[in-house]
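Undergrad: Below are the sequence and a predicted model for it; my questions follow.
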Amino acid sequence: MRRGKALLLARTATANAAGAALGVVESIYLRALGLPPDIVGAYLGASTLVSALSNYALSAIADAYGRKRTVLASSAFPILGMITLYLGAAAGVLLVYLGPSGAYSALYAENAEEPDRDWSHLSIVAVAANAAGSLMPTVLSMREVLAAGVIVYAAGTTALVAVQERYRGKGRVTFGIASKGTLARLSSAAIIGLGAGIVLPMLPLWLNTVYGVGPGPIGILMSAQSAVMALAFWMAPRISSIIGRLRTIVVTQAVGVALIALFPLSPTFPLAAAIWTMRSVAMNMANPLYNALVNELIPEGERARANSALQLLDSVPRSAGPYATGVLMNMGNLELPFYMTATLYGAATATLYLLMRDRTR
C-alpha cells in the first residue's frame, strides 16, 4: 500500500469517527438546548448549505494552490464548531462539516492505483470508523461526545502533514469547470440530495420521538449499519466486475428505495433498526464505484472543483430537507418524509441510468 494512501485512510478514520458520533447526537442535542423540531431542522439544513458553498470555494483554491495545504488549513473549522456546540451555542453546527471534501477526494485519487479497489478501501475504512464513532454516545454524554470529537478529529488531521502531493496547482483560482457536460449527466445528485436531506439529518430525533430511544440505542444502530456496510463495500467491486458499475449502482439503489418505503411502517424499534440497516447497505453499497467513475471522467486539474460541484448539487436541495421534516413532525405527520424520500431516490436512480448508460457499463 502506498504511504500516502495509508496516511489518508488514517485521517479518514478519525474524521469519520468524530463525524459519526456527532451525527448521532446533534439533532437530539439541539433539541435539548430548547429548540423545536422545525428550528432544529433549519439549523441542520443551514449547516449543509454552508458546508457545500464553502467546500466549493475552498476546492477552487485547492485546485489552484494545492489540495493538501487547503485541507490542513480548513481543518480548524470543524474543531471550532464542536467547541462552540460544547459551550451550548447552536450556531456551532454551522461549522462542524465545513471543509474542502472535494479537495480531499482529489488528493486521495492521486494516491490511488486501482480505482475500484482503492475507493472501496476508503469506503470500508470510513464505515468502520463510523461504526466505532457511533458507539461513543453509548458510554459518553452528549457534551462528552463533542469533547472527544475535537480530540479525535485534531489527532487524525496530523496524519496529513506527512502526505506527499505531486499536484501543485495552476496558481490561479478558477470557479468554472470545463467538464460541465459530464457533471450535467451526474445531475441526479440534486434529487438524491433532497431525498437524503428530508430523512437523514433528522433520523435520530425521529427515532427518539417515535420509539422513545435515546442516543445510546441509536448509536448502536448506526454502528451496526456501518459494520455491515464495510462488507457491502468489499463486495461492490466484485459485483461490478460481473454486471458493470452502472448496473450495480441502479440495482442496489432500487432495493434501497423499497426498504425506505417500508421503514415507517415498523411497529417496534428493533424491526425499524433491521430495515434501516438493510436500506443503508443497499443505498450506499455502490458509493465507491460512483466515486471511482466520477474521478475517472473528470480531468485531474478539475477534480477538486468537480467533486465539490457534485456535492453542491447534492447539498443545496438537501439543505431544505431537515426543515421540511421538522415542520411535518410538528404537525404529527411522521410517515410522509420517508415516502417523499423513496419517490425522490427512485427518480434519481432512473435519471442516472438514462443519462449515463452510453458512457459506462
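TA: Arrived safely. Residues are numbered from 1 along each chain as shown.

Undergrad: hey, let's count contacts and neighbours off CA atoms from now on
TA: Fine.

Undergrad: ok, and the closest residue to residue 297 other than its chain neighbours, which helix or strand is that part of?
TA: The spatially closest residue to residue 297, leaving aside those adjacent along the chain, is residue 182, at 7.4 Å (Cα to Cα, 6 or more residues apart in numbering). Assigned by DSSP states H and E, residue 182 falls within helix 180-185.

Undergrad: my guess is residue 116 contacts residue 286, does it?
TA: No. Using Cα atoms under 8 Å, residue 116 is not in contact with residue 286, being 10.2 Å away.

Undergrad: between the two, which one's more packed in?
TA: Between residue 116 and residue 286, counting by other Cα atoms under 10 Å, residue 286 is the more crowded of the two (28 against 21).

Undergrad: Contacts only, for the closest residue to that one other than its chain neighbours.
TA: Leaving aside its sequence neighbours, residue 286 sits nearest to residue 249 (Cα to Cα, 6+ apart; 5.2 Å). By Cα atoms under 8 Å, 6 or more residues apart in numbering, the contact list for residue 249 reads 285, 286, 287, 289, 290.

Undergrad: right, and residue 147 touches residue 85 too?
TA: No. Applying Cα under 8 Å, one finds residue 147 not in contact with residue 85, separated by 9.6 Å.

Undergrad: Between these two, tell me which one has more neighbours.
TA: Taking other Cα under 10 Å, residue 147 and residue 85 do not tie; residue 85 has more neighbours (22 against 18).

Undergrad: Could you check how far the more buried one is from residue 341?
TA: Per Cα to Cα, to the nearest Å, residue 85 is found 29 Å from residue 341.

Undergrad: Ok, residue 13 next?
TA: Counting by Cα to Cα - residue 13 and residue 341 are separated by 29 Å.

Undergrad: do the same with residue 348
TA: From residue 348 across to residue 341, the span is 10 Å (Cα to Cα).

Undergrad: now do residue 29
TA: On the measure of Cα to Cα, residue 29 and residue 341 end up 24 Å apart.

Undergrad: now swap in residue 117 and tell me
TA: Using Cα to Cα, residue 117 is found at 30 Å from residue 341.

Undergrad: Look at those two and report which has more neighbours.
TA: When neighbours are counted by other Cα under 10 Å, residue 117 and residue 341 differ, and residue 341 comes out ahead with 25 against 19.

Undergrad: list the contacts for residue 145?
TA: So residue 145 contacts 21, 22, 136, 137 (Cα under 8 Å, 6+ apart).

Undergrad: can I get those residues in a markdown table with distance to residue 101?
TA: Shown next, in a markdown table, are these (distance: Cα to Cα, whole Å):
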| residue | distance to residue 101 |
| --- | --- |
| 21 | 19 |
| 22 | 17 |
| 136 | 24 |
| 137 | 25 |
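
Undergrad: Turn the buried ones among those into a named ChimeraX selection, would you?
TA: Filtering the contacts of residue 145 down to the buried ones (16 or more other Cα atoms under 10 Å) takes a single ChimeraX command:
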select :21,22,136,137
